[in-house]
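>>> What follows is a predicted protein model with its sequence.
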Amino acid sequence: MKSWAVQDAKARFSELLDACLHEGPQMVTRRGAEAAVLVPIGEWRRLRQSAPPTLKALLLSDSARGDLDLPERGARRRRPPRGFD
């Protein structure tokens, strides 16, 4: 994977994009440290589809409870808050 300094990537973005499309992912560095990777859209979509679901997606899914045996809400009596006896 070729590495581009951020100032070179900015100045030669069209060349960076062409390299990405023809050679694959391109690394962009800032002050010598890896900062980002430019990847072709097909590879990006493939990576997104193969990624595990986020915690938010799991919690909002129909099977969020999984195999847990949780009691129904309201089935137990709750104690009154302190100071309201």
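Alright, I've got the coordinates.

>>> Residue 26: how many residues sit nearby?
22 (other Cβ atoms under 10 Å). Quick note: C-beta positions are derived from backbone N, CA and C, even for glycine.

>>> List the residue ranges of the chain that fall below the pLDDT cut-off.
Across the chain, residues meeting the criterion (pLDDT under 70) sit at 63-71, 73-76, 84-85.

>>> Taking the centroid of the chain, which residue is nearest it?
Centroid check for the chain by Cα atoms, centre = their mean gives residue 54 as the closest residue, at 7.5 Å.

>>> Next one: it relative to residue 45, how far apart?
Distance, residue 54 to residue 45, using Cβ to Cβ, to the nearest Å: 17 Å.

>>> Repeat that for residue 52.
16 Å.

>>> For residue 34, give me its contacts.
Contact partners of residue 34, counting by Cβ atoms under 8 Å, 6 or more residues apart in numbering, are 3, 27, 28.

>>> May I ask you to confirm that it belongs to a strand?
Yes: using DSSP: H, G, I helix; E, B strand; the rest coil, the assignment for residue 34 is a strand.

>>> Tell me where this structure has helices.
In the chain, the helices defined using DSSP state H lie at 6-11, 13-23, 41-50, 55-60.

>>> can you put those helices in a markdown table and add mean neighbour count?
Listed next are the helices of the chain as a markdown table, based on neighbours: other Cβ atoms under 10 Å:
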| stretch | mean neighbour count |
| --- | --- |
| helix 6-11 | 13 |
| helix 13-23 | 13 |
| helix 41-50 | 10 |
| helix 55-60 | 10 |
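
>>> Just put the ones you listed in a markdown table and tack on distance to residue 33.
Below are the helices of the chain laid out as a markdown table (distance: least, Cβ to Cβ, whole Å):
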| stretch | distance to residue 33 |
| --- | --- |
| helix 6-11 | 10 |
| helix 13-23 | 18 |
| helix 41-50 | 22 |
| helix 55-60 | 28 |
